[in-house]
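>>> The amino acid sequence is not available; the structure is as follows:
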């Protein structure tokens, strides 16, 4: 982890949020939940994000220990990104956020309509206490 990047937080929740905060970090993490991907794969999968922003955000996630970079010794060099074990733990947090977001949207909906979680916002979902890929649901 980068020196002093999160040292000013006295609250653990604030430290956690600072690691994943940013317009594109959740989208990047979501892409990597399904496995190792090349830079271009992540870039194509997230519309509207510039290459500069992807480079910056993925570098920060790497510095924070959420993402790892593997460079293959070949010509031209191939680089793939994946989640570290601590980064993979975020899948359960994504599930919880989706469930809470659904509840929040239902409670704040003016016409009282119940909003069900769509589970398509992220790659992994929890099903019968087991985390599975969204495509398998």
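In hand now; what should we look at? This is a predicted model, so every value here is computed, not measured. Numbering: from 1, shown residues only.
>>> which phi and psi does the residue lying farthest from the centre of the chain have?
What lies farthest from the middle of the chain is residue 111; by Cα atoms, centre = their mean that is 31.7 Å. In terms of degrees, to the nearest 10, the main-chain angles of residue 111 are phi -90, psi 0.
>>> before we move on, what about residue 70?
With angles defined as degrees, to the nearest 10, residue 70 sits at phi -120, psi 120.
>>> now the helices for the protein?
Along the chain, the segments classed as helices by DSSP state H run 12-20, 25-32, 39-45, 51-63, 85-88, 90-108.
>>> State the pLDDT value of residue 136.
pLDDT, residue 136: 47.
>>> oh, I was asking about residue 22
On the pLDDT scale, residue 22 gets 87.
>>> And for residue 132?
Value listed for residue 132 in the pLDDT field: 54.
>>> can you check residue 128 too?
56.
>>> if we can go back for a sec, for residue 73, find the nearest of the helices of the chain.
helix 39-45 (17.1 Å; Cβ to Cβ). To be clear about C-beta, it is placed using only N, CA and C from the backbone, and glycine gets the same treatment.
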